[in-house]
Every structure is written in structure tokens, then in C-alpha cells.
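>>> build the 3D model from these lines:
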Amino acid sequence: MEEDNIGEDVMENVMNVLVNNTHILDVELVDNDATKELKNKVVNEHNNHLELSLHDYGSMEKVGPLGFSLPTSNEQISVNTFDVVLYQGNQICFYYESNSWSFTRLGKAINVDSKREYLNILGSGDINIVISF
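All right, here's what the predicted structure looks like:
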């Protein structure tokens with residue numbers, strides 16, 4: 001019985017990201033005010049799905065505006081492949097290369113086995129995503 005509760009807790013901290021209507025990335029969220037507010041906005045204000053357009057930036061990330069601001073807890077961090085961060089309080093970034101900047105950490109993609117697979121999912125150029133919980 002205890003294992004079932006653990007599984008539910010993990011699922012409550014996972015954001016589903018449908019990429020170009022073909023692949024679903026599971027992003028395990030960190031526990032902070034930004035992720036709590038993101039979940040609240042997507043579930044309660046956007047009928048549990050938020051559609052976004054992201055563009056490639058600097059050959060290291062896919063980034064795009066959320067359409068609203070989230071609380072920040074920015075700190076100078078290094079990000080790597082699979083990391084998802086909040087930039088300037090209103091943009092979401094999916095990293096596929098390393099970078100160091102002042103970000104609010106949101107989470108990490110957990111259901112991909114390799115950088116190659118992740119890059120294939122993200123593709124080249126602009127992408128469309130749908131965030132849900």
C-alpha cells in the first residue's frame with residue numbers, strides 16, 4: 001500500500017509535455033513556488049493544457065514565452081541536457097546542451113534514455129508543445 005502512495009506522489013510532481021504531437025516528455029518537477037504556480041495555472045486557468053511555441057536559441061535550448069509570469073527563485077546554476085528552467089520569470093527553456101546563467105530550476109526530463117533520443121524528440125528549429133498534468 002505504501003508503494004502506491006509513493007507512485008502517486010511522483011506522478012503529482014510530473015509535468016507531461018507533448019512535443020509536436022508526436023512524443024511525450026515526462027518532466028519531474030522540483031518543489032518550488034514556480035512549479036506550484038505553473039501547475040495551478042495550467043490545471044485551473046488553462047483547462048489542464050497549455051499550448052506553447054518554442055524556438056531554438058544558441059544551439060543549446062528550446063525557449064518560449066509562457067504568456068504569464070511565475071514566481072522566481074533565480075540563482076546562478078549550470079544546466080545540462082534534460083534540464084527545464086524558468087528564464088526571466090515568464091519563459092520556459094528545455095536545455096539540450098550545457099549553459100550557466102541565473103535561472104529558476106523547474107525540473108528535468110526523465111523518460112528519455114539518451115541525449116540522442118532527446119534531440120530527436122526536440123528536433124531542429126521551432127517546436128510546438130502542450131503542457132499538461
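>>> roughly how far out does the strand ranked longest in the chain sit from the chain middle?
Counting by DSSP state E, the longest strand found in the chain is strand 99-109. Remark: strand 99-109 is offset 9 Å from the chain centroid, using C-alpha atoms, centre = their mean, to the nearest Å.
>>> buried ones in the helix or strand just after it, by neighbour count?
Later in the chain than strand 99-109, the nearest helix or strand by DSSP states H and E is helix 115-122. Neighbour counts over helix 115-122 (16 or more other C-beta atoms under 10 Å) mark 118, 121-122 as buried. Where you see a C-beta, it was placed from the backbone N, CA and C, and this is true even at glycine.
>>> ok, these vs residue 68, which is closest?
Using C-beta to C-beta, residue 122 comes nearest to residue 68 of those, at 23.2 Å.
>>> coming back round to it: export the longest strand of the chain as PDB, just CAs?
Only the C-alpha atoms of strand 99-109 are listed here, as PDB (Å, rounded to 0.1, in the frame of the first residue of the first chain):
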ATOM      1  CA  ASN A  99      24.900  26.500 -20.000                       C
ATOM      2  CA  SER A 100      25.300  28.600 -16.900                       C
ATOM      3  CA  TRP A 101      23.100  31.500 -16.000                       C
ATOM      4  CA  SER A 102      20.700  32.900 -13.400                       C
ATOM      5  CA  PHE A 103      17.600  30.700 -13.600                       C
ATOM      6  CA  THR A 104      14.800  29.200 -11.600                       C
ATOM      7  CA  ARG A 105      15.000  25.500 -11.900                       C
ATOM      8  CA  LEU A 106      11.700  23.800 -12.900                       C
ATOM      9  CA  GLY A 107      12.700  20.100 -13.500                       C
ATOM     10  CA  LYS A 108      14.300  17.500 -15.600                       C
ATOM     11  CA  ALA A 109      13.000  15.300 -18.400                       C
END
